[in-house]
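Chemist: Give the three-dimensional model of this entry:
(2 chains)
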2 protein chains.
Amino acid sequence: MSVTAAKGFRAAGVIAGIKASGRADLALVSNLGPLQAAAGVFTSNRFAAAPVQWSQQAIADGQLAAVVLNSGGANACTGDAGYADSVRTAELVADAVGCTASQVAVCSTGLIGVRLPMDAVATGVTLATAALAEDGGPSAAAAIMTTDTVPKQAAHASASGWTVGGMAKGAGMLAPALATMLVVVTTDAVLDSAQLDTALRTATALTFDRADSDGCMSTNDTVLLLASGASQVTPDVAEFTAALTQVCASLARQLLADAEGASHDIEVRVTSAASEADALEIARSVARSNLFKCAIFGNDPNWGRVLAAAGTTAAAFDPAAVDVAFNGVGVFVDGQLGADRSAVDLTGRDVLVELALHAGSASASIWTNDLTYGYVKENAEYSS
Amino acid sequence: MSVTAAKGFRAAGVIAGIKASGRADLALVSNLGPLQAAAGVFTSNRFAAAPVQWSQQAIADGQLAAVVLNSGGANACTGDAGYADSVRTAELVADAVGCTASQVAVCSTGLIGVRLPMDAVATGVTLATAALAEDGGPSAAAAIMTTDTVPKQAAHASASGWTVGGMAKGAGMLAPALATMLVVVTTDAVLDSAQLDTALRTATALTFDRADSDGCMSTNDTVLLLASGASQVTPDVAEFTAALTQVCASLARQLLADAEGASHDIEVRVTSAASEADALEIARSVARSNLFKCAIFGNDPNWGRVLAAAGTTAAAFDPAAVDVAFNGVGVFVDGQLGADRSAVDLTGRDVLVELALHAGSASASIWTNDLTYGYVKENAEYSS
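Modeler: Now for the predicted structure:
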């Protein structure tokens, strides 16, 4: 159930001294091979952090020997000096594990605009290299937490003899555009980097790209997939992609379940749409409506706010023929008032909002959270 | 300073019994002429409320004799029956003031999905007609309030002998797309409906369209401009447009200053952009970032969140050459760390965030609010 579930990987999480709290803050994942194939997807934010800029270059040849991740600082918007820090971090890892810097991806998370304490990073790399272990996944997952309250891990073992496992962090600034958090997934299946890339893009498009906690796109989002080939099994690509998607979906749901201050996990499902793109446009518009998200916090099935958000889109549908249901209760049916909202119970953690457009046969969901006092508190009173 | 500041108009606000609270809830504005020229802009939400659908037809010929506005219910998403209620409301006013129903615009505000109590509406129309007065503007402005804490009014008297005055309501679901609230502006200048339409679209594009409190577009947004010609003065069109813009800007600022739960009024100003559209795209992206808005609530000049939001846009700029300043203090300069954030004081109500793109000579601002416990409370705990 972790980033070391697949054969051929070792990992560690250590206290480097980057975080003032003294908690674990540096993780290392090492691929022992025989393969070192890799693929990655990254934030499309134009202020992509220094580690993202570095890792995009490092992975360009489809090969990675190691990934180093730190919490306690995002190293974003730190200028040329910050970029040099990411390069230096890769060099430190390369020296420690015995590879070239261009085989090392770097991921950072924490506050934007703060330089990393490089002495602490160097200490952490030394400690983590010494601690690398085949059961080190859980400690690595713990070391990348920021406002996360629990580590996020998932794995899937195929009957064919290969395994996919991964870890993730992320509790805020969660909105898609290829990826929305730091995620490392490993596999011991025999796949080349082009196959990994195709599978990863398919999986993230269906999972992380459809998680939208607060509509805010990070500068540091990174999802990496590493293959060791250590199982010596060449998988069926479709089966592998499905397993990868399942692991990514589990990690995405864990991220939303731990989102800052949230009290409800919400699926906005749009059905009978003319196209999947239409369904996603509407689902995302609803998921980003602060008024809708506040209503859910108040346990109110406010379908008016759902429609108001849907009405801002260009998706194909007839407003006079739309249905809205909350947890299976149709509160707006065929463009007219439906069941009384008192028939809906939203006191549970999970909320399902369904919009039926009656415009076609496509459907899609976006997963989001409610907007709560806790979200405002975490994002107004954080130490900065 | 009100909707009756211009000659040729009478108004009233009365207790019709629509609101359970027993507060004033129906307003009437009557144009005595000699002209009855009018123009309007409406929400582009595809779930436009019944009164919006009615008023768009009523104003199609450029003529209005009266506007009736109710609070206590938006009459949105109420189906065919709700539309019939808006038609009936116009007929009641037409009978009472002596015009045709197609000369009466109808505006409603309040909860979505609730039918209006038509007996109360009929009572209100009778009472309001009897109460119409040349100094009735303030009572009309009070009767359209919902979660507003103060009425919003503005006026401008030209040295040439004509006047523009208006009223507005709106405290939530404030985001642009032609208009974002209920607004009635009157003038006694001699202008035809085509001139009014051009002036109104110019004014709203620069004012209401640039106010974005919470990114949520209403189903009921309406801005109406009525001309009586009672001053008998034909104005210089440019001067009139400028005066109208000034009145609309005052009303827009009043709306934001009274936005639900807000503790800061924020101007996001983008300068040296390649185009005005680019400047607006970035300013709106920042203004809609919940993380940015929470940071301002916490009095933190979190420029990282400003850049993260700007980085999601397609506007032309070089991320390595951007400046960010809070209240005049440059915290990010030429793509590098600038003044320490401790140099910025955000304890006052007004906050100015400036992004200089160094990509051209265009500039634009969006006005918004912070995201607070109060906003969540008002939108989670409202009675529904």
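
Chemist: Show me what the longest helix belonging to chain A packs onto, helices and strands only.
Modeler: In chain A, taking DSSP state H as the definition, the longest helix is helix A:237-257. When contacts are defined as 3 or more CB pairs under 8 Å, 6 or more residues apart in numbering or on different chains; DSSP states H and E, helix A:237-257 packs onto strand A:152-157, strand A:163-169, strand A:182-187, helix A:193-206, strand A:265-273, strand A:362-369. Quick note: C-beta positions are derived from backbone N, CA and C, even for glycine.

Chemist: report the angle between the axes of the last one and helix A:193-206?
Modeler: Between the direction of strand A:362-369 and that of helix A:193-206, the angle (axes from the mean of the first three to the mean of the last three CA atoms, to 10 degrees) works out to 80 degrees.

Chemist: Repeat that for the second one.
Modeler: What separates the directions of strand A:163-169 and helix A:193-206 is an angle of 50 degrees, with the same axes, to 10 degrees.

Chemist: Sheet partners, orientation included, of strand A:163-169?
Modeler: strand A:152-157 (antiparallel), strand A:182-187 (antiparallel) (DSSP bridges).

Chemist: So for the first one, mean pLDDT?
Modeler: Mean per-residue pLDDT for strand A:152-157: 90.

Chemist: Can you show me the strands along the stretch 201-350 of chain A?
Modeler: Per DSSP state E, counting those that start in this stretch, the stretch 201-350 of chain A carries strands over the ranges A:222-227, A:265-273, A:323-326, A:329-333, A:336-337, A:350-356.

Chemist: Worst mean pLDDT among these?
Modeler: If the strands of the stretch 201-350 of chain A are sorted by mean pLDDT, strand A:336-337 sits at the bottom with a mean of 84.

Chemist: Tell me how far it lies from the chain's centre.
Modeler: Averaged C-alpha coordinates place strand A:336-337 at 38 Å from its chain's average position (CA atoms, centre = their mean, to the nearest Å).

Chemist: Over to stretch A:352-369?
Modeler: Distance of stretch A:352-369 from the chain centroid (CA atoms, centre = their mean) equals 21 Å.

Chemist: and residue A:179, what pLDDT?
Modeler: Here the pLDDT value assigned to residue A:179 is 36.

Chemist: Could you do residue A:47 as well?
Modeler: 82.

Chemist: same question, residue A:110
Modeler: Here the pLDDT value assigned to residue A:110 is 85.

Chemist: thinking in terms of the whole chain, how far from its middle is stretch A:221-232?
Modeler: 16 Å.

Chemist: residues of that stretch that come out buried?
Modeler: When neighbours are counted by 16 or more other CB atoms under 10 Å in any protein chain shown, the buried residues of stretch A:221-232 are found to be A:221-231.

Chemist: So residue A:72 is in contact with residue A:24, correct?
Modeler: No - using CB atoms under 8 Å, residue A:72 is not in contact with residue A:24; the gap is 9.8 Å.

Chemist: Okay, domains of chain A per the record?
Modeler: Recorded structural domains for chain A (assignment: automatic domain parsing) are A:9-257, A:265-380.

Chemist: Residue A:162 contacts residue A:6, correct?
Modeler: Yes - judged on CB under 8 Å, residue A:162 makes contact with residue A:6 at a distance of 7.4 Å.

Chemist: quick one: common contacting residues for these two?
Modeler: Taking CB atoms under 8 Å, 6 or more residues apart in numbering or on different chains as the contact criterion, the common neighbours of residue A:162 and residue A:6 are A:187-189, A:231.

Chemist: and which of the residues you listed is nearest residue B:18?
Modeler: Nearest to residue B:18, judged by CB to CB, of these is residue A:187 at 62.9 Å.

Chemist: who's in contact with that closest one?
Modeler: For residue A:187, the set of contacting residues under the criterion of CB under 8 Å, 6+ apart consists of A:6, A:162-165, A:225-228, A:240, A:244.

Chemist: cool, residue A:233 as well?
Modeler: Residues touching residue A:233, when contacts are defined by CB under 8 Å, 6+ apart, comprise A:158, A:160-162, A:188-190.

Chemist: neighbours of the nearest residue to residue A:264 once chain neighbours are set aside, just the number please.
Modeler: The shortest distance from residue A:264 to any residue that is not its chain neighbour, by CB to CB, 6 or more residues apart in numbering or on different chains, is 4.3 Å, and that residue is residue A:370. Number of residues near residue A:370 (other CB atoms under 10 Å in any protein chain shown) recorded here: 25.

Chemist: Double-check residue A:370 against residue A:259; I have them as touching.
Modeler: No - applying CB under 8 Å as the test, residue A:370 and residue A:259 come out as separate, 9.3 Å apart.

Chemist: Give me the pLDDT for residue A:34.
Modeler: Confidence for residue A:34, expressed as pLDDT, is 94.

Chemist: quick one: it and chain B, what's the gap?
Modeler: Remark: distance between residue A:34 and chain B (CB to the nearest CB, to the nearest Å) = 39 Å.

Chemist: and the longest helix of chain A, how far out from the chain's middle?
Modeler: Using CA atoms, centre = their mean, the distance from the centre of helix A:237-257 to the centre of the chain it belongs to is 10 Å.

Chemist: Over to stretch A:198-208?
Modeler: For stretch A:198-208 - counting by CA atoms, centre = their mean - the centre lies 11 Å from the chain centre.

Chemist: what comes up buried for it?
Modeler: Within stretch A:198-208, the residues that qualify as buried by neighbour count (16+ other CB under 10 Å) are A:199-204, A:206-208.

Chemist: Mind telling me what element residue A:124 is part of?
Modeler: In this structure, residue A:124 is located in helix A:118-131 according to DSSP states H and E.

Chemist: Apologies, that question was intended for residue A:95.
Modeler: Secondary structure from DSSP H and E places residue A:95 in helix A:79-97.

Chemist: contacting residues around the next helix or strand after that helix?
Modeler: Tracing the chain C-terminally past helix A:79-97 and defining elements by DSSP H and E, one meets strand A:104-108 next. With CB under 8 Å, 6+ apart as the contact definition, strand A:104-108 has outside contacts at A:38, A:40, A:49-51, A:54-55, A:58-59, A:64-71, A:73-76, A:86, A:89-90, A:93-94, A:116, A:144, A:182, A:184, A:220, A:222, A:224.

Chemist: go again using 6 Å as the cut-off
Modeler: Surrounding strand A:104-108, the residues in contact under the criterion CB atoms under 6 Å, 6 or more residues apart in numbering or on different chains are A:51, A:54-55, A:58, A:64, A:66-70, A:74-75, A:86, A:89-90, A:93-94, A:182, A:222, A:224.
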